[in-house]
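K.L.:
Fold the following and give me the result.
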Amino acid sequence: MLFICGAILLLCSGFWLFLRIRCGGRYTALRELPMEGLRLRRLGEPLLLLAERGRIASCLPAVMFRIQRSVQRLYGMRYSAERTLLFMGEMLAFSWLLITGGSALTLLTGEQAGIIIGVGLAVAIPVAMVSDLHKKVRLREQNIMLELPELLNSIVLLVGAGETVQRAIIRCVNSRQGDASHPLYAELRKMTAEWEGGYSFQQAFENFSKRCAVQEVSIFTTTVLLNYRRGGADFVLSLRDLSRMLWEKRKAISRTRGEQASSKLVFPMVVIFLIVIVLVGTPALMMLKM
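P.N.:
As a prediction, the model looks like this:
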């Protein structure tokens, strides 16, 4: 086993150095591409060459499609292929590091547990990274859904008071400057910037719907585009009907989050209950033995 671990360590190290020399400055431009959660960019750069030349995407098309789709929803269509490649490099870097570390630990201690744990984590960590990426997408969609009824109510009030749809949206965005990190208002700011850059109202709204990639936002966009030219009571009435539907969906999401939060408290409560039983029961048992 020690011989095998030594061979694995030498092979992993030599292969990484070979890829490092081959890739050179091929992926230098990707270092400045913003993407949250990447900790091993430089370590993973040589492995990006392995991902490209090995055609990993063609070997696992369903998995890679889901990863790229999640990346597109989080960061947009622009540079989505590059960000997907960076994410693949991060997964490969973690796997390479854990296998190498596990082999080195086995060589140092002489225990087989090092390489076994390293290989196990090398498989588990990438799976956990993909799961976390999908979880971020679901959380983003829920945050948009929770805030959309509030936005719609504000637009209804402003349009009813005589504002145009564009001015109403701009006022709503300007009033929430403190929520710069919120996904809905971040996309709305991009939409208002497109208006200022020369995009038409319809084109900017359609781009906004595509970036959000949420069904309720698509319904909101369609409703606005179909009715905003009419104006008056018909437009406000259609928005109020949509607002009632969105509030019901917001209540459903809030109930789901509440159930998830309560289920997470079950394990700590069981642990506390067992501790209390031990604290109360131990003195009683000691008194009975005496």
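
K.L.:
what's the neighbour count on Gly76?
P.N.:
Residues within reach of Gly76, counting by other C-beta atoms under 10 Å, total 16. Every C-beta, even on glycine, is put in place using the N, C-alpha and C of the backbone.

K.L.:
Could I get the phi/psi values of it?
P.N.:
phi 90, psi 170 (degrees, to the nearest 10).

K.L.:
so how far is Ser200 from it?
P.N.:
20 Å (C-beta to C-beta, to the nearest Å).

K.L.:
Just say helix, strand or coil for Ala62.
P.N.:
At Ala62 the chain is in helix, as set by DSSP: H, G, I helix; E, B strand; the rest coil.

K.L.:
Next, work out how far apart it and Arg69 are.
P.N.:
11 Å.

K.L.:
who has more neighbours, the two?
P.N.:
Per other C-beta under 10 Å, whichever of Ala62 and Arg69 has more neighbours is Arg69, with 15 against 7.

K.L.:
Check the gap between the more buried one and Ser80 for me.
P.N.:
Here the criterion is C-beta to C-beta. By it, Arg69 lies 9 Å from Ser80.

K.L.:
Equivalent analysis for Pro61, please.
P.N.:
Noted for Pro61: a distance of 16 Å to Ser80, by C-beta to C-beta.

K.L.:
between the two, which one's more packed in?
P.N.:
Ser80 (17 against 9).

K.L.:
So for the closest residue in space to the more buried one that isn't next to it in sequence, what's the pLDDT?
P.N.:
Counting by C-beta to C-beta, 6 or more residues apart in numbering, Ser80 lies nearest to Gln72, which is 4.5 Å off, once chain neighbours are set aside. Gln72 is assigned 82 on the pLDDT scale.

K.L.:
what does the one 4 residues further on give?
P.N.:
Reported pLDDT at Gly76 in the predicted model: 78.

K.L.:
so what's it up against?
P.N.:
Arg211 (C-beta atoms under 8 Å, 6 or more residues apart in numbering).

K.L.:
Repeat that for Gly102.
P.N.:
Per C-beta under 8 Å, 6+ apart, neighbours of Gly102: 5, 114-119, 121-122.

K.L.:
What helix or strand is it located in?
P.N.:
Element membership of Gly102, judged by DSSP states H and E, is helix 80-109.

K.L.:
could you point out which element follows that helix?
P.N.:
helix 113-160.

K.L.:
For Arg176, give its distance to Ile170.
P.N.:
Distance from Arg176 to Ile170, by C-beta to C-beta: 11 Å.

K.L.:
residues contacting Ser254?
P.N.:
Residues counted as contacts of Ser254 (C-beta under 8 Å, 6+ apart) are Leu146.

K.L.:
can you count the residues close to the residue lying closest to Ser243 once chain neighbours are set aside?
P.N.:
Using C-beta to C-beta, 6+ apart and skipping residues adjacent in sequence, the residue nearest Ser243 is Leu152, 4.7 Å away. Using other C-beta under 10 Å, Leu152 has 23 neighbouring residues.

K.L.:
still on that earlier bit, can you verify my assumption that the residue nearest to Ser80 contacts Arg78?
P.N.:
No - using C-beta atoms under 8 Å as the test, Gln72 is too far from Arg78 to be in contact (9.3 Å).

K.L.:
So which of those two has more stuff around it?
P.N.:
Gln72 (20 against 10).
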